[in-house]
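Undergrad: Okay, here's the prediction I keep looking at, along with the sequence it came from:
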Amino acid sequence: MSDPSSPTPFDRALLETRRRRWLSGERDEGAGFLMKAVAGELAERLSVVERRFEVAVDLAGSFGEMAAAMRAGGSCGEVVRIERQPFLLAGDPLAVVADEEFLPLGPESVDLVVSALSMQFVNDVPGLLAQIRRALRPDGLLLAAFLGGETLHELRAALLLAESEIAGGVSPRVLPFIAIREAGGLLQRAGFALPVTDFDRLTVRYDNLFALARDIRAMGAANILRERSRRPATRRLFLRAAEIYAERYADPDGRIRASFDVVYLSGWAPHESQQKPLRPGSAKASLAAALKDRSSDLS
């Protein structure tokens, strides 16, 4: 996703092993704050689209918060959930067990695909977007949200500095995230029309690094990098990282800050009814003339 020289930076088999271990038991509702916030935002964006989507897909939305919001919104007919883990589907009647990197969707078979917080774990995001584009009917819509930008930059810095002090070298411990400025290009590369990209930074406060780490584990989002160190991290490393984190990123009350940058994407499968950009040189008035007129208004 972020390193073109490494086609598969993420160990997705390890991701699923950890999800089965950490998510199949009693659920930590507190750690679901991020999915609830993102599902709510995507549902609100969907609500302003004045059309009905007869066949919609909730792509790897974890426990189904996104699917529930899509069904409650009234603009979707059938909502089909796709997950790699059957236990996440909980008997949902419209569900498919499949890998989102290899979509089980035929060409032009669905009207809407919503992806909430799963693309940051996908090895080939451009390939996934191209699959979604093929699966959408003309004038079909993609809405997506994933972690990107400077997400968890505080944790990354604290761990790198602590490990360099203790071990004299470092290994990657926080996932790389796609740069926000690159997100819009991914949509255009996949052939989407009318692409829109923006992001929202959520700052969450914790008592300490260990409380943050518990939430990351409860989200099933711990280190799955193939290049990660195979040596177990020592308690000394985390204690030192916690000290550095508190020194650099604590508020006056002693609680630490953790940043989550959520990147939002939307794009449409091309259709002749959609607004088209003007051809270069087809404008009836030049930009220079418009700026000249504007400057005279201000004088």
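TA: Thanks, I have it.

Undergrad: Give me the residues contacting the helix or strand harbouring R134.
TA: R134 belongs to helix 125-135 when assigned by DSSP states H and E. For helix 125-135, contacts defined as Cβ atoms under 8 Å, 6 or more residues apart in numbering pick out 1, 57, 59, 100-103, 105-110, 113, 115, 119, 122, 142, 178, 186-187, 189-192, 267, 269. Where you see a C-beta, it was placed from the backbone N, CA and C, and this is true even at glycine.

Undergrad: so how far is that helix from its chain's centroid?
TA: Its chain's C-alpha centre and that of helix 125-135 lie 15 Å apart, by Cα atoms, centre = their mean, to the nearest Å.

Undergrad: Looking at that helix now, give me its mean pLDDT.
TA: Mean pLDDT, computed over helix 125-135, is 95.

Undergrad: Report the buried residues of it.
TA: V125, L128, L129, A130, Q131, I132, R133, R134, A135 (16 or more other Cβ atoms under 10 Å).

Undergrad: buried subset of the contacts of helix 125-135?
TA: Among the contacts of helix 125-135, those scoring as buried are 1, 57, 59, 100-101, 103, 105, 110, 113, 115, 119, 122, 142, 178, 186-187, 190, 192, 267, 269 (criterion: 16+ other Cβ under 10 Å).

Undergrad: where do the strands sit along this protein?
TA: Using DSSP state E, the strands of the chain run over 53-59, 76-83, 95-97, 110-116, 136-148, 193-206, 256-268.

Undergrad: Sheet partners, orientation included, of the first one?
TA: In the sheet, strand 53-59 lines up against strand 76-83 (parallel), strand 110-116 (parallel) (DSSP bridges).

Undergrad: Reformat the ones you listed as CSV; add mean pLDDT.
TA: Output for these, formatted as CSV (pLDDT from 0 to 100):
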stretch, mean pLDDT
strand 76-83, 95
strand 110-116, 97
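
Undergrad: Go through those strands and pick out the most buried.
TA: Of all the strands paired with strand 53-59, strand 110-116 carries the top mean neighbour count, a mean of 25, counting by mean count of other Cβ atoms under 10 Å.

Undergrad: Extract the CA atoms of it and return them as PDB.
TA: The C-alpha coordinates for strand 110-116 follow below in PDB (Å, rounded to 0.1, in the frame of the first residue of the first chain):
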ATOM      1  CA  VAL A 110     -23.900  -3.900  -7.600                       C
ATOM      2  CA  ASP A 111     -24.900  -0.300  -7.200                       C
ATOM      3  CA  LEU A 112     -23.000   0.700  -4.100                       C
ATOM      4  CA  VAL A 113     -19.800  -0.400  -2.300                       C
ATOM      5  CA  VAL A 114     -19.000   1.000   1.200                       C
ATOM      6  CA  SER A 115     -15.600   0.100   2.700                       C
ATOM      7  CA  ALA A 116     -15.200   1.200   6.400                       C
END
